[in-house]
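Asks: pasting the structure only:
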């Protein structure tokens with residue numbers, strides 16, 4: 001199947017169940033622990049790129065020097081139509097690289113299981129088509145996308161943070177929420193203005209309905225990765241990115 005490069009930006013922000021679903025689909029995962037100093041490849045030679053969340057703005061190179069390399073890979077994925085999925089920080093990075101705007105401390109923070117409204121534009125989207133009108137998703141952010149890139153397709157929203165999901169071009173998606181997060185992760189969050197116990201309980205109650213939906217979205221992305229891999233890039237060296 002395909003080779004998927006995953007950029008991890010924080011200790012606790014791993015691919016979790018998203019990685020499990022992609023492996024189930026037959027893909028090989030190359031997780032770069034960028035926050036620990038693992039080098040990013042100079043060029044993207046994988047069949048897909050996933051950029052995970054982290055407590056940074058996309059351009060905070062002074063706090064997280066590897067972000068410059070991650071932005072470069074995102075730009076290459078966009079230019080070469082490599083399947084791309086950005087989560088939280090990763091989604092914000094996609095928006096910024098493609099010409100949108102990200103703002104720190106934008107509005108009220110969102111934490112825990114939150115209802116997303118799926119927009120009509122999602123009806124023709126390869127990943128979000130056919131989803132229920134409202135879907136629960138785990139959120140944990142205070143920064144937000146405040147302007148989508150020109151030509152982006154707006155897929156999902158909440159009242160507090162409108163730009164919850166979007167697509168740039170045909171193969172690049174950004175989401176503000178965390179489809180990879182299990183409720184147990186919520187217990188690790190700091191209690192900044194919310195009750196972790198109540199937020200955890202709400203997420204546990206919502207999981208039986210939300211999990212199959214985000215698994216299906218991930219499997220649709222996995223199918224696009226397999227399609228891209230069929231072009232015959234060959235196996236990838238995780239350290240260098242070379243085929």
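Replies: Done, it's in. These numbers were taken from a predicted model, which means no experiment stands behind them.

Asks: use CA for all of it now, contacts and neighbours both
Replies: Noted.

Asks: so where do the helices sit in this structure?
Replies: Counting by DSSP state H, the chain has these helices, from start to end: 16-24, 67-80, 89-97, 183-186, 196-229.

Asks: now the longest one and helix 16-24, what's the angle there?
Replies: Relative orientation of helix 196-229 and helix 16-24, computed by axes from the mean of the first three to the mean of the last three C-alpha atoms, to 10 degrees: 30 degrees.

Asks: quick one on the thing from earlier: make CSV out of the helices of the chain and add distance to residue 139.
Replies: Converted to CSV, the helices of the chain look like this (distance: least, C-alpha to C-alpha, whole Å):
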stretch, distance to residue 139
helix 16-24, 15
helix 67-80, 22
helix 89-97, 12
helix 183-186, 10
helix 196-229, 10
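
Asks: Out of those helices, which one sits most buried?
Replies: Greatest average neighbour count among these goes to helix 89-97 (a mean of 28), per mean count of other C-alpha atoms under 10 Å.

Asks: what helices or strands is that helix leaning on?
Replies: On a contact count with 3 or more C-alpha pairs under 8 Å, 6 or more residues apart in numbering; DSSP states H and E, helix 89-97 meets strand 48-51, helix 67-80, strand 84-87, strand 101-103, strand 144-147, strand 172-175.

Asks: could I get these as JSON lines with mean pLDDT and distance to residue 211?
Replies: Below are these laid out as JSON lines (pLDDT from 0 to 100; distance: least, C-alpha to C-alpha, whole Å):
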{"stretch": "strand 48-51", "mean pLDDT": "98", "distance to residue 211": "19"}
{"stretch": "helix 67-80", "mean pLDDT": "98", "distance to residue 211": "27"}
{"stretch": "strand 84-87", "mean pLDDT": "98", "distance to residue 211": "16"}
{"stretch": "strand 101-103", "mean pLDDT": "98", "distance to residue 211": "28"}
{"stretch": "strand 144-147", "mean pLDDT": "97", "distance to residue 211": "24"}
{"stretch": "strand 172-175", "mean pLDDT": "98", "distance to residue 211": "16"}
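
Asks: Same list (those) but as CSV, adding distance to residue 29.
Replies: Formatted as CSV, these follow (distance: least, C-alpha to C-alpha, whole Å):
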stretch, distance to residue 29
strand 48-51, 10
helix 67-80, 16
strand 84-87, 14
strand 101-103, 28
strand 144-147, 28
strand 172-175, 18
